[in-house]
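Participant: Sequence unavailable; structure follows:
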(Lines give C-alpha, C1' and ligand atoms only; values in the text may rest on other atoms or scores of the structure.)
Protein backbone atom coordinates (compact mmCIF):
# COMPACT_ATOMS: atom_id res chain seq x y z
CA UNK A 1 0.00 0.00 0.00
CA UNK A 2 1.33 3.42 -0.97
CA UNK A 3 1.23 6.20 1.61
CA UNK A 4 -0.09 9.50 0.28
CA UNK A 5 0.18 13.01 1.69
CA UNK A 6 -2.86 15.14 0.81
CA UNK A 7 -2.67 18.89 1.44
CA UNK A 8 -6.02 20.54 0.65
CA UNK A 9 -7.69 23.39 2.57
CA UNK A 10 -11.22 22.74 1.25
CA UNK A 11 -12.65 20.52 4.01
CA UNK A 12 -15.36 18.85 1.92
CA UNK A 13 -12.96 18.08 -0.93
CA UNK A 14 -10.30 16.88 1.50
CA UNK A 15 -12.64 14.47 3.28
CA UNK A 16 -14.08 13.24 -0.01
CA UNK A 17 -10.65 12.58 -1.45
CA UNK A 18 -9.53 10.74 1.66
CA UNK A 19 -12.55 8.44 1.39
CA UNK A 20 -12.08 7.81 -2.34
CA UNK A 21 -8.30 7.35 -2.16
CA UNK A 22 -8.55 5.04 0.82
CA UNK A 23 -11.07 2.93 -1.10
CA UNK A 24 -8.60 2.86 -3.99
CA UNK A 25 -5.95 1.35 -1.73
CA UNK A 26 -3.89 4.37 -0.63
CA UNK A 27 -2.97 5.15 2.96
CA UNK A 28 -3.88 8.85 3.23
CA UNK A 29 -2.41 11.48 5.53
CA UNK A 30 -4.56 14.60 5.12
CA UNK A 31 -3.64 18.17 6.06
CA UNK A 32 -5.38 21.53 5.61
CA UNK A 33 -2.28 23.72 5.44
CA UNK A 34 1.45 23.76 4.80
CA UNK A 35 2.07 24.13 8.54
CA UNK A 36 0.09 20.95 9.29
CA UNK A 37 1.91 19.10 6.52
CA UNK A 38 5.33 20.13 7.83
CA UNK A 39 4.40 19.02 11.35
CA UNK A 40 3.25 15.67 10.00
CA UNK A 41 6.37 15.23 7.90
CA UNK A 42 8.49 16.12 10.90
CA UNK A 43 6.74 13.47 12.97
CA UNK A 44 5.47 16.07 15.40
CA UNK A 45 8.94 17.53 15.86
CA UNK A 46 10.19 20.91 14.71
CA UNK A 47 8.08 22.29 11.86
CA UNK A 48 10.14 22.74 8.75
CA UNK A 49 12.21 19.59 9.33
CA UNK A 50 11.11 17.54 6.31
CA UNK A 51 13.28 14.50 6.99
CA UNK A 52 11.34 12.49 9.61
CA UNK A 53 8.48 11.07 7.50
CA UNK A 54 8.31 10.79 3.73
CA UNK A 55 5.15 9.54 1.99
CA UNK A 56 5.31 7.71 -1.31
CA UNK A 57 3.15 10.29 -3.12
CA UNK A 58 1.82 13.79 -2.55
CA UNK A 59 -1.33 15.56 -3.75
CA UNK A 60 -0.97 19.27 -3.13
CA UNK A 61 -3.41 22.14 -3.60
CA UNK A 62 -1.56 25.06 -5.11
CA UNK A 63 -3.54 27.84 -3.42
CA UNK A 64 -3.37 27.29 0.34
CA UNK A 65 -3.85 29.76 3.20
CA UNK A 66 -0.61 31.25 4.48
CA UNK A 67 2.35 29.51 2.86
CA UNK A 68 1.47 28.54 -0.71
CA UNK A 69 1.44 25.09 -2.24
CA UNK A 70 4.19 26.23 -4.60
CA UNK A 71 6.45 26.97 -1.64
CA UNK A 72 5.76 23.61 0.02
CA UNK A 73 6.48 21.90 -3.29
CA UNK A 74 9.86 23.65 -3.47
CA UNK A 75 10.69 22.56 0.07
CA UNK A 76 9.66 18.97 -0.63
CA UNK A 77 11.64 18.92 -3.83
CA UNK A 78 14.73 20.26 -2.07
CA UNK A 79 14.69 17.59 0.63
CA UNK A 80 13.04 14.71 -1.25
CA UNK A 81 13.71 15.00 -5.00
CA UNK A 82 12.21 11.57 -5.74
CA UNK A 83 8.81 12.26 -4.14
CA UNK A 84 6.14 12.38 -6.90
CA UNK A 85 3.92 15.46 -6.49
CA UNK A 86 0.55 16.01 -8.17
CA UNK A 87 -0.61 19.64 -7.90
CA UNK A 88 -4.29 20.62 -7.87
CA UNK A 89 -5.57 24.09 -8.72
CA UNK A 90 -8.76 25.89 -9.68
CA UNK A 91 -6.64 27.83 -12.15
CA UNK A 92 -5.99 25.90 -15.33
CA UNK A 93 -4.40 28.46 -17.62
CA UNK A 94 -1.11 27.59 -19.28
CA UNK A 95 0.78 30.14 -17.16
CA UNK A 96 -0.61 28.59 -13.96
CA UNK A 97 0.33 25.05 -15.02
CA UNK A 98 3.83 26.17 -15.99
CA UNK A 99 4.28 27.94 -12.65
CA UNK A 100 3.22 24.84 -10.73
CA UNK A 101 5.51 22.58 -12.72
CA UNK A 102 8.42 24.98 -12.27
CA UNK A 103 7.83 24.86 -8.53
CA UNK A 104 8.64 21.15 -8.76
CA UNK A 105 5.34 19.36 -9.36
CA UNK A 106 5.47 16.22 -11.51
CA UNK A 107 1.91 16.67 -12.74
CA UNK A 108 -0.87 19.26 -12.62
CA UNK A 109 -4.63 18.73 -12.53
CA UNK A 110 -7.18 21.53 -12.82
CA UNK A 111 -10.31 21.70 -10.66
CA UNK A 112 -12.98 20.54 -11.09
CA UNK A 113 -11.64 17.15 -12.11
CA UNK A 114 -13.01 13.65 -12.68
CA UNK A 115 -11.91 11.21 -9.99
CA UNK A 116 -11.07 8.56 -12.61
CA UNK A 117 -8.54 10.96 -14.15
CA UNK A 118 -7.00 11.66 -10.74
CA UNK A 119 -6.66 7.93 -10.07
CA UNK A 120 -5.15 7.38 -13.52
CA UNK A 121 -2.57 10.10 -12.90
CA UNK A 122 -1.69 8.54 -9.53
CA UNK A 123 -1.45 5.07 -11.12
CA UNK A 124 1.06 6.42 -13.62
CA UNK A 125 3.07 8.01 -10.83
CA UNK A 126 3.14 4.78 -8.78
CA UNK A 127 4.34 2.80 -11.81
CA UNK A 128 7.20 5.24 -12.30
CA UNK A 129 7.90 5.12 -8.57
CA UNK A 130 8.15 1.31 -8.72
CA UNK A 131 10.52 1.64 -11.65
CA UNK A 132 12.66 4.18 -9.76
CA UNK A 133 12.97 1.71 -6.86
CA UNK A 134 13.59 -1.35 -9.00
CA UNK A 135 16.82 -3.40 -8.59
CA UNK A 136 17.91 -2.76 -12.19
CA UNK A 137 18.33 0.91 -11.23
CA UNK A 138 21.01 0.14 -8.63
CA UNK A 139 23.70 1.81 -10.76
CA UNK A 140 25.04 4.81 -8.85
CA UNK A 141 25.46 7.11 -11.83
CA UNK A 142 26.70 7.71 -15.35
CA UNK A 143 28.55 10.31 -17.42
CA UNK A 144 27.23 12.43 -20.25
CA UNK A 145 30.28 14.19 -21.61
CA UNK A 146 32.16 15.27 -18.50
CA UNK A 147 28.93 15.75 -16.55
CA UNK A 148 28.27 13.08 -13.92
CA UNK A 149 24.62 12.16 -13.32
CA UNK A 150 24.12 10.83 -9.79
CA UNK A 151 21.13 8.44 -9.85
CA UNK A 152 20.64 8.44 -6.09
CA UNK A 153 20.93 12.17 -5.40
CA UNK A 154 19.38 13.24 -8.73
CA UNK A 155 22.22 15.67 -9.25
CA UNK A 156 24.39 16.86 -12.11
CA UNK A 157 28.11 17.12 -11.30
CA UNK A 158 30.52 19.35 -13.20
CA UNK A 159 34.25 18.88 -13.74
CA UNK A 160 34.99 21.87 -11.48
CA UNK A 161 33.17 20.24 -8.55
CA UNK A 162 29.89 22.14 -8.81
CA UNK A 163 26.64 20.23 -8.21
CA UNK A 164 23.21 21.01 -9.63
CA UNK A 165 19.94 19.34 -8.62
CA UNK A 166 17.94 17.73 -11.44
CA UNK A 167 14.16 17.65 -11.61
CA UNK A 168 12.96 14.04 -11.59
CA UNK A 169 11.59 14.44 -15.12
CA UNK A 170 14.93 15.81 -16.36
CA UNK A 171 16.66 12.80 -14.86
CA UNK A 172 14.26 10.34 -16.50
CA UNK A 173 14.85 11.89 -19.91
CA UNK A 174 18.64 11.90 -19.53
CA UNK A 175 18.68 8.32 -18.27
CA UNK A 176 16.67 7.08 -21.25
CA UNK A 177 18.88 8.94 -23.72
CA UNK A 178 21.96 7.47 -22.02
CA UNK A 179 20.54 3.94 -22.02
CA UNK A 180 19.84 4.29 -25.76
CA UNK A 181 23.01 6.23 -26.58
CA UNK A 182 23.79 6.34 -30.26
CA UNK A 183 20.14 5.59 -31.14
CA UNK A 184 17.28 7.89 -32.00
CA UNK A 185 14.72 7.86 -29.16
CA UNK A 186 11.24 8.76 -30.36
CA UNK A 187 9.21 11.58 -28.89
CA UNK A 188 6.56 9.08 -27.76
CA UNK A 189 9.15 7.07 -25.81
CA UNK A 190 10.50 10.20 -24.16
CA UNK A 191 7.00 11.37 -23.23
CA UNK A 192 6.22 7.93 -21.83
CA UNK A 193 9.34 7.95 -19.64
CA UNK A 194 9.01 11.56 -18.53
CA UNK A 195 5.26 12.09 -18.21
CA UNK A 196 3.62 8.65 -18.34
CA UNK A 197 1.06 7.20 -20.71
CA UNK A 198 -1.91 8.86 -19.04
CA UNK A 199 -0.71 12.41 -19.53
CA UNK A 200 0.86 13.78 -22.67
CA UNK A 201 1.61 17.46 -22.16
CA UNK A 202 1.63 20.18 -24.77
CA UNK A 203 3.79 19.06 -27.71
CA UNK A 204 6.29 21.82 -26.93
CA UNK A 205 6.92 20.62 -23.38
CA UNK A 206 9.51 18.02 -24.41
CA UNK A 207 11.35 20.52 -26.58
CA UNK A 208 11.43 23.03 -23.71
CA UNK A 209 12.92 20.43 -21.39
CA UNK A 210 15.55 19.57 -23.98
CA UNK A 211 16.51 23.21 -24.36
CA UNK A 212 17.07 23.38 -20.60
CA UNK A 213 19.08 20.15 -20.51
CA UNK A 214 21.28 21.28 -23.37
CA UNK A 215 21.98 24.52 -21.55
CA UNK A 216 23.29 22.51 -18.60
CA UNK A 217 25.15 19.82 -20.54
CA UNK A 218 26.49 21.64 -23.56
CA UNK A 219 27.86 24.95 -22.34
CA UNK A 220 31.29 24.35 -23.83
CA UNK A 221 32.31 23.98 -27.44
CA UNK A 222 33.35 20.39 -26.76
CA UNK A 223 29.84 19.32 -25.71
CA UNK A 224 27.64 21.52 -27.83
CA UNK A 225 26.31 18.67 -30.00
CA UNK A 226 25.77 15.91 -27.42
CA UNK A 227 21.96 15.79 -27.72
CA UNK A 228 20.86 15.99 -31.33
CA UNK A 229 17.38 16.74 -32.64
CA UNK A 230 16.07 14.35 -35.29
CA UNK A 231 13.32 16.45 -36.80
CA UNK A 232 9.90 14.80 -36.73
CA UNK A 233 11.23 11.72 -34.90
CA UNK A 234 12.88 12.48 -31.56
CA UNK A 235 16.27 13.00 -29.98
CA UNK A 236 19.59 11.20 -29.96
CA UNK A 237 22.46 11.30 -27.46
CA UNK A 238 25.76 10.97 -29.31
CA UNK A 239 28.54 10.23 -26.79
CA UNK A 240 31.89 11.75 -27.63
CA UNK A 241 35.28 10.14 -27.14
CA UNK A 242 35.57 11.58 -23.64
CA UNK A 243 32.63 9.55 -22.33
CA UNK A 244 33.60 6.63 -20.04
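Facilitator: Thanks, I have the structure now. Because the structure is predicted, anything quoted here is derived from the model rather than measured.

Participant: Please count neighbours and contacts with C-alpha atoms only from this point.
Facilitator: OK.

Participant: what distance separates the longest helix along the chain from the centre of its chain?
Facilitator: When the chain is parsed with DSSP state H, its longest helix is helix 115-132. Centroid displacement of helix 115-132 relative to its chain, using CA atoms, centre = their mean, to the nearest Å, is 12 Å.

Participant: Same check on stretch 89-97?
Facilitator: On CA atoms, centre = their mean, the centre of stretch 89-97 falls 18 Å from that of its chain.

Participant: ok so, going back, from the contact counts, what lies against the longest helix of the chain?
Facilitator: Based on contacts counted as 3 or more CA pairs under 8 Å, 6 or more residues apart in numbering; DSSP states H and E, there is no element that helix 115-132 packs against.

Participant: average pLDDT for that helix?
Facilitator: The pLDDT scores in helix 115-132 average 82.

Participant: which element follows that helix toward the C-terminus?
Facilitator: strand 141-144 (DSSP states H and E).

Participant: ok, whichever helix or strand comes after that following strand: who's next to it in the sheet?
Facilitator: For strand 141-144, the following helix or strand on the C-terminal side (DSSP H and E) is strand 147-150. Within its sheet, strand 147-150 is paired with strand 141-144 (antiparallel), strand 155-157 (antiparallel), according to DSSP bridges.

Participant: in strand 147-150, what's buried?
Facilitator: 147, 148, 149, 150 (16 or more other CA atoms under 10 Å).

Participant: Quick check: which of the strands paired with strand 147-150 is nearest to residue 182?
Facilitator: Nearest of the strands paired with strand 147-150 to residue 182, taken as CA to CA: strand 141-144 at 12.2 Å.

Participant: that older thread, wait, which of the strands paired with strand 147-150 is closest to residue 88?
Facilitator: strand 155-157 (27.0 Å).

Participant: Give me the residues contacting the closest one.
Facilitator: Residues outside strand 155-157 that contact it (CA atoms under 8 Å, 6 or more residues apart in numbering): 147, 148, 149, 150, 163, 164, 165, 166.

Participant: And these, which is closest to residue 90?
Facilitator: Closest approach to residue 90 among these (CA to CA): residue 166, at 28.0 Å.

Participant: Great, nothing more from me.
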